[in-house]
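Chemist: Predicted model follows, preceded by the sequence.
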Amino acid sequence: MPKYLLGTDNGCTVAKAALFTLDGKEIAVASQKIDALTPHQGWSEMDMTASWAATADSIREVLQKARIDPKDIACIASAGHGNGLYLVDKQGNPVRNAISSTDARARAYSDKWIADGVDQIIRPKTMQSVWAAQPNALLAWLRDNEPEIMKKAGWVLMCKDYIRFRLTGQIAAELTDMSGTSLMNVGTADYDQDVLDAFGIGEMRDLLPPLVRSAEICGQVTDGAASETGLAAGTPVAGGMFDIDACALSSAITDESQLCMVAGTWGNNQYISRTPIVDDAVFMTTRFAMDDYYLMLEGSATSASNLEWLVTEFFQAEREAAAASGTSVYELCNELVGSTKPGDCGLIFLPFLYGANVHPDAKACFIGLDAWQKRAHVVRAVYEGVIFSHRWHVEKLLKYRKMPECIRLTGGAARSTEWVQMFADIFQVPVEIPDGTELGALGAAICAAVAAGCYDSFPAAMAAMVRFSRRQEPNKALAEVYQAKRTRYNQILQALDPVWADLAWKAT
């Protein structure tokens, strides 16, 4: 009888794999870095073959660590970052590098659609904002700038769809992922020629693969994939899902009352409902892995990766010293934050190093620096600024729902007790942290469990497989000081709004 489930999770820079028991216990995890390629300013790409190799190596490492018989794996599923573009020919061979979800080359196309009102016209069907790294904009850009590539193109895939293809040899596009691309009618859960025509890419309909569901068996591990990964040939492979769905599943989001956050490269704030939001005030509504539910998301690339930048650029010696002593430089960051108090100074950080949620030209900055302030105050400002950005997004969602009784948090920030406490204090609600280290892979494994028939529904699988490692309560005494800081943050956003476009640096 099968005993295990395997989940993979591919972001823009790391491929991960994790093995779980049928009740969700994490047995072994592994990850491989994927090199980000930046051939031009504003471009963000990755080698698709290298991405698959990193995934295959991670799977093989997990199996070696776990020392199990691969035949005991009941099912495999993959999660991955949404949007960007993985373009292959009819045989599934890459026709160029993948384009990631942080790419900006096609901004002129999304800007024009917004200026011309196309986004408003088509929004009742797509239910989401248009932006530069969606495949609609990227396909238009490639048609106009790389026509020789488009002549070779056979299929449009998302990240995890390509990984599933490499496992099974079967081309398909999974619904949760494709529903976030502005290539389909989210309400009907199908492609829509009117949507494609509105974006001027109607002739590309034949590039869109057949749609499958998250918990649908979409093939089996091929002999070739078995050789590369160490998996058993014939192992069932499920459709998988958009990584935002995977994080919701690993947070046991089962109904409208709950809200989960992902604090990683993107700061995602999301909940599910049977009633979709179709409003340009909300960033994205997509189909959820659970039939009849939609996922409402407010998010931007304004979260924990800002701290990664700070550490990389200004704490390199400390990083090396920490590694040599067997600790982490992020423990030092937590200690620095812990040495300060929220009321010590009014320093504000705008976390717009990799994107912005207030203006397309907004950039990161510190406001209120004084010579007496120490780097501890700077690190605290980064922690706080990231949370204020999350709160900015949640305020939009609160037009349609109440503040949740608790927030379930995943992503890099969830590893820091100090940062999680700050989330609780700024939102003034408890924060729960799901147990485990690879929660995107756990969400994929939950999907695999349903696809394999281990559980008869997603809620049943979540009830059996999700646990919470800790719950941190808000400090009511800090509500007023954080409210004052958040007000200052919002005032700064309003004051800078007229000048962002004039300050934007353009390459010459």
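Modeler: Received the coordinates, thanks. These figures come from a predicted structure and were not determined experimentally.
Chemist: Run through this structure and note the low-pLDDT ranges.
Modeler: Residue ranges of the chain with pLDDT under 70: 1, 504-508.
Chemist: longest single helix anywhere in it?
Modeler: Among the elements of the chain assigned as helix by DSSP state H, the one spanning the most residues is helix 375-397.
Chemist: For it, buried residues please.
Modeler: 376-394, 396-397 (16 or more other CB atoms under 10 Å). For every residue, glycine as well, the C-beta is placed using N, CA and C.
Chemist: gap between the helix or strand where residue 502 lies and the chain center?
Modeler: Remark: residue 502 resides in helix 500-503, with elements defined by DSSP states H and E. For helix 500-503, the distance between its averaged C-alpha position and the chain's averaged C-alpha position is 28 Å (CA atoms, centre = their mean, to the nearest Å).
Chemist: List the contacts of it.
Modeler: Contacts with helix 500-503, where a contact means CB atoms under 8 Å, 6 or more residues apart in numbering, come from 359-363.
Chemist: Going through the residues you listed, which ones are buried?
Modeler: Neighbour-count burial (16+ other CB under 10 Å) applied to the contacts of helix 500-503 gives 359-360, 362.
Chemist: okay if I get the residues you listed as CSV plus secondary structure and distance to residue 318?
Modeler: Written out in CSV, the entries for the buried ones among the contacts of helix 500-503 read as follows (DSSP: H, G, I helix; E, B strand; the rest coil; distance: CB to CB, whole Å):
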residue, secondary structure, distance to residue 318
359, coil, 33
360, coil, 34
362, coil, 29
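Chemist: For the contacts of helix 500-503, name the two members farthest from one another.
Modeler: Within the contacts of helix 500-503, 360 and 363 form the most distant pair, 10.7 Å apart (CB to CB).
Chemist: hmm, back to that, tabulate the contacts of helix 500-503 in JSON lines, adding columns for distance to residue 82.
Modeler: Supplementary listing: those in JSON lines, determined by distance: CB to CB, whole Å:
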{"residue": "359", "distance to residue 82": "23"}
{"residue": "360", "distance to residue 82": "19"}
{"residue": "361", "distance to residue 82": "24"}
{"residue": "362", "distance to residue 82": "22"}
{"residue": "363", "distance to residue 82": "24"}
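Chemist: Just the closest of those to residue 97, please.
Modeler: Distance to residue 97, by CB to CB, is smallest for residue 360 among the contacts of helix 500-503, at 24.2 Å.
Chemist: My guess is that closest one contacts residue 108. True?
Modeler: No - with contact taken as CB atoms under 8 Å, residue 360 and residue 108 are classed as non-touching, separated by 11.3 Å.
Chemist: a strand runs through residue 87, doesn't it?
Modeler: Yes - secondary structure assignment places residue 87 in a strand (DSSP: H, G, I helix; E, B strand; the rest coil).
Chemist: How many neighbouring residues does it have?
Modeler: Residue 87: 26 surrounding residues under other CB atoms under 10 Å.
Chemist: Any idea what it is bridged to?
Modeler: Residue 87 has the following beta-bridge partners by DSSP bridges: residue 156.
Chemist: Report the separation between it and residue 339.
Modeler: The spacing between residue 87 and residue 339, counted by CB to CB, to the nearest Å, is 49 Å.
Chemist: just residue 414 next, same as before
Modeler: Residue 414 sits 22 Å away from residue 339, taking CB to CB as the criterion.
Chemist: if you count what's nearby, which of these two comes out ahead?
Modeler: The residue with more neighbours, out of residue 414 and residue 339, is residue 414; 24 against 13, by other CB under 10 Å.
Chemist: Show the contacting residues for the more buried one.
Modeler: With contacts taken as CB under 8 Å, 6+ apart, residue 414 has the following neighbours: 263, 420, 433.
Chemist: which ones are touching the second one?
Modeler: Same thing as residue 420. Under the criterion of CB under 8 Å, 6+ apart, the neighbours of residue 420 are 409, 413-414, 431, 433, 470, 472.
Chemist: change it to 6 Å
Modeler: Residue 420 makes contact with 431, 472, according to CB atoms under 6 Å, 6 or more residues apart in numbering.
Chemist: The first one too?
Modeler: Applying CB under 6 Å, 6+ apart to residue 263 gives the contacts 303-304, 411, 413.
Chemist: Nothing else from me, thank you.
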